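1. take this sequence and fold it.
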Amino acid sequence: MHNIFNYLNLVWFPRIFIFFAFLISFTFRTENLTAQHYALSSPDKNLNSEIKITPDGSITYSLTFKDRKVLNPGSLGLNLKNQPDFSNGFLAVSEEKSSQNNSWEPVWGEESTIINHYNQLELSLSHAQTDRVIHLQFRLFDDGLAFRYHFPRQSNLSYFTIADELTTFNLMENHTAFWIPGDYDTNEYPYFTTKLSEIDATRAQHFSEIGVKNIVGENVVQTPLTMIGGDKDLFISIHEAALKGYPAMYADVDRSTFSVKAELAHDKNGNKAYLQTPFTTPWRVILVTEQPEDLLASRTILNLNEPSKIEDTDWIKPQKYVGIWWEMHAAGKSWNYADVSNIKLDQVDWDTLKPNGRHGATTKRAKTYIDFAADHGFESVLIEGWNVGWEDWYGNGKEEVFDFVTPYPDFDVKKVTAYAKKKGVKVMMHHETSGSVTNFERRMDEAYDFMDNYGYESVKTGYVGGIIPRSEYHDSQWMVDHFIRVAEKTAERNILLNSHESTRPTGLHRTWPNWLASESARGNEFNAWSSGNPPEHETILPFTRILGGPMDYTPGIFQIKLDYYNSESPWQVKTTLAKQLALYVTIYSPLQMAADLPENYERFPDAFQFIKDVPVDWSDSRYLDAFPGDYIAIARKDKHSDNWFIGAITDEKARNFDLNLDFLEKNSTYTAIIYGDSEDAHWKENPMSYEIKELQEITSQSNLQLNLKPGGGAAVMLKKVK
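-> Numbering: from 1, shown residues only. From the prediction side, this is the model:
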């Protein structure tokens, strides 16, 4: 008997095992020879997506809008480094559908209430080659599709490195696109408007004013990538939401097929992301609307972010500020105290250095700004260049640049702080890192302790220069995490954050509402010392960069031509003065700077009144008329009064608006104060010519006529008559 069992064990049991293994494998392959199809519709049924697992286990998805194809089937998946790829061999083992229809109230924003309405499909996929599991989550809103990858905790997948993301967006036609070059280190380019087939990111090399550039590839552009399709009746934007723990996504455009592949920022070792399960990627988002105004009104990217992680938000206050800043860009002042080089923080006796006489951040000058802020109702004063280290801060690859706590000899922190407190004005801290992020990380807690000691409640950060650690770029995974660490740390300290040179926003201000604004695009300062921003620039930003979150654009420049300070200066701001006022409405931010010098505002007190009156927090927004690259007209209602404000801007062409005011409260009367271009205004020839007029008896039945000159604008206050 014993011999019989040995025979069975040695001969038949292995054969039986092999037979059943073959049977299971055959059954799996047979099932997988038939594609698996899944469908998802938006709540209004206009957007429809089909997700398909092909016979070889590849994943594709497509998108239609009102029976118009928006995306042909595009691939999904990821390549892993030194491991089998997640590109095919998948089988969907379960699906779950759900819906959400609720609303939430942002701490601050463009409206008091945001509707969150979508249908969702979640697929659990088994990967045959590795016996691993990945989940795909799709959400369809009435204005767009979003999807993301989730790696659950599992025994045979713990740590892994992303070599590439295979996500593609297979566009249907050669759309007109608004784009800037994909660059690992900067977003500070003016926009190009071309067909997809004409994209050439190497044109970025012409912008010598941008100090640190790392172009991804000639076909690669930044997201949001916004496009016009059809007969100018389809508006599409590709972006991402909730970017954290992962590198920023660019769009790699095939100029012949118009397919767009996700391209991830890598570190200088060539790796995209170092991950550990469980992990969920950022959302990939495709916004689709028939009207350009609906693209501006989209809140899908915000809805895809987590709710606020800050429980008590009463201390978070949107605000306007002034500061020592523009005079360094335009009026010959300097951030540095002395004209020397090769400075080492721990080896300099700052009191013995000869001042250059141009230093902007002096005690005396700070008091001037504090007085101005107090007299005109501004909450805060930004003071740049107050701290030691600016003498050789840029371009040297230097790590120990600033300590963030030591003032220059001509800036008395105690006196300035006491003076501001006496005047009822807050001081806004400035932390320029010069890209030396390891230095900043080491010194952050000490810097925030310094702020606590002096009662500073807000900070502007900067990351000009190549990133240290030297293996990283501005948009790589490590830096994305750094920017979030700063948001978290400042939130713990009840500090408001305004980040410059950071990764472009993806709606994270919903999660960390103390993160009031970012720059992350070509701002107003480029007008002070470069070819500047063309008149169309501000009509493109709301359709691109600002879809992800508010921008600290620093509007409000009144002295448009800069030969006022230096007769040889060729530079100017390429708008009219009235357009600078309108930007406070059209470029949304809960943190707005009156960026010009106090002396210039005092020359134009009647125009300055609009900046004093315009709010930064809104209960309602109406997108009245807009077309990317051409013009924008937006109306917003003050969250704390019954007043409405309108901003209208144009590109280099003159335009007339006939605006319907049916959004006004019925059976109520308003007075309209219009700050507009004069008859002879022109962004280049006569930019500072404006006029102010007042209209009575405005109601919801009225239409408002606005005449904008080339590069011009109009700003309107609609004051409810009590």
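
2. grab the most central residue of the chain for me.
-> residue 505 (2.8 Å; Cα atoms, centre = their mean).

3. my read: that one touches residue 521, true?
-> No. Applying Cβ atoms under 8 Å, one finds residue 505 not in contact with residue 521, separated by 9.7 Å. Any C-beta I mention is one placed from the backbone N, CA and C, and that applies to glycine too.

4. returning to what we had before: hang on, the residue nearest to the centre of the chain in a strand?
-> No. Per DSSP: H, G, I helix; E, B strand; the rest coil, residue 505 lies outside any strand segment and is coil.

5. what residues of stretch 647-658 count as buried?
-> The neighbour-count check on stretch 647-658 (16 or more other Cβ atoms under 10 Å) flags 647, 648, 649, 650, 651, 655, 657 as buried.

6. other residues contacting that stretch?
-> 534-536, 538-539, 575, 579, 581-586, 624-625, 629-634, 659, 683, 703-716 (Cβ atoms under 8 Å, 6 or more residues apart in numbering).

7. endpoints of stretch 657-674, how far apart?
-> For stretch 657-674, the first-to-last residue distance is 13 Å (Cα to Cα, to the nearest Å).

8. scratch that, stretch 278-287 is what I was asking about
-> 28 Å.

9. and stretch 347-356, by the same measure?
-> End to end - Cα to Cα - stretch 347-356 spans 20 Å.

10. what residues sit buried inside it?
-> Within stretch 347-356, the residues that count as buried by 16+ other Cβ under 10 Å are 348, 350, 353.

11. picking up where we left off before, how close does the residue nearest to the centre of the chain get to residue 187?
-> Distance of residue 505 to residue 187, given as Cβ to Cβ, to the nearest Å: 10 Å.

12. what touches both of these two?
-> 520, 545.

13. helices of the chain, start to end?
-> Here the chain has its helices, by DSSP state H, at 2-7, 13-32, 292-297, 300-303, 326-330, 363-376, 413-423, 437-454, 477-492, 537-540, 577-586, 598-603, 605-613.

14. which stretch among those comes nearest residue 266?
-> Using Cβ to Cβ as the measure, helix 477-492 is the one of those that comes nearest residue 266, at 8.6 Å.

15. now that closest one: buried residues?
-> Buried residues in helix 477-492, counted by 16+ other Cβ under 10 Å: 477-480, 482-484, 486-491.

16. other SSEs contacting that helix?
-> Where contact means 3 or more Cβ pairs under 8 Å, 6 or more residues apart in numbering; DSSP states H and E, helix 477-492 is packed against helix 437-454, strand 496-499.

17. orientation of that helix relative to helix 437-454 in degrees?
-> 10 degrees (axes from the mean of the first three to the mean of the last three Cα atoms, to 10 degrees).

18. what distance separates helix 477-492 from the centre of its chain?
-> Centroid separation for helix 477-492 versus its chain: 15 Å, with Cα atoms, centre = their mean, to the nearest Å.

19. list the contacts of that helix.
-> The list of residues contacting helix 477-492 from outside it, by Cβ under 8 Å, 6+ apart, reads 243-248, 265, 267, 272-274, 309-310, 437, 441, 444-445, 448, 459, 461, 467, 469, 471-473, 496-497, 499, 502-503, 508, 512, 514-515.

20. filter those down to just the ones in strands.
-> Of these, the ones assigned to strands by DSSP state E are 273, 274, 459, 461, 496, 497, 499, 515.

21. if we can go back for a sec, out of the buried residues of stretch 647-658, which are inside strands?
-> Using DSSP E, 647, 648, 649, 650, 655, 657 are the members of the buried residues of stretch 647-658 that sit in strands.

22. looking at those residues, which is nearest residue 212?
-> residue 649 (30.2 Å).

23. tell me the pLDDT of the nearest residue to the closest one once chain neighbours are set aside.
-> Closest residue to residue 649 apart from its sequence neighbours, by Cβ to Cβ, 6 or more residues apart in numbering: residue 713 at 4.2 Å. On pLDDT, residue 713 comes in at 98.

24. start at 6 instead
-> All set: I'll call the first residue 6, so the last point we hit is now residue 718.

25. how far away is residue 718 from residue 196?
-> From residue 718 over to residue 196 (counting by Cβ to Cβ), the distance is 18 Å.

26. please say which of the two ends up with more neighbours.
-> residue 718 (34 against 24; other Cβ atoms under 10 Å).

27. spit out the contact partners of the more buried one.
-> By Cβ under 8 Å, 6+ apart, the contact set of residue 718 is 580-581, 583-588, 591, 652-655, 681-682.

28. hmm, back to that, contact partners for the residue nearest to the centre of the chain?
-> 523, 525, 550, 553, 554, 555.

29. those residues, buried ones only, as a PyMOL selection?
-> Only the buried entries of these go into this PyMOL selection, using 16+ other Cβ under 10 Å:
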select buried, resi 523+525+550+553+554+555
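
30. pipe the contacts of residue 510 into JSON lines and attach pLDDT and distance to residue 265 per row.
-> Listed next are the contacts of residue 510 as JSON lines, based on pLDDT from 0 to 100; distance: Cβ to Cβ, whole Å:
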{"residue": "523", "pLDDT": "98", "distance to residue 265": "24"}
{"residue": "525", "pLDDT": "97", "distance to residue 265": "21"}
{"residue": "550", "pLDDT": "98", "distance to residue 265": "18"}
{"residue": "553", "pLDDT": "98", "distance to residue 265": "17"}
{"residue": "554", "pLDDT": "98", "distance to residue 265": "22"}
{"residue": "555", "pLDDT": "98", "distance to residue 265": "26"}
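
31. of the contacts of residue 510, closest to residue 172?
-> Nearest member of these to residue 172, counting by Cβ to Cβ, is residue 553, at 17.8 Å.

32. report how many residues lie close to the closest residue to residue 130 other than its chain neighbours.
-> Once flanking residues are discounted, residue 130 sits nearest to residue 95: 4.5 Å by Cβ to Cβ, 6+ apart. Neighbourhood size, residue 95 [other Cβ under 10 Å]: 27.

33. check contacts around residue 95.
-> 58, 62, 63, 64, 130, 131, 132, 133, 139.

34. how about 6 Å then?
-> 58, 62, 64, 130, 132 (Cβ atoms under 6 Å, 6 or more residues apart in numbering).

35. for residue 391, same thing?
-> Taking Cβ under 6 Å, 6+ apart, one finds 366, 412, 416 in contact with residue 391.
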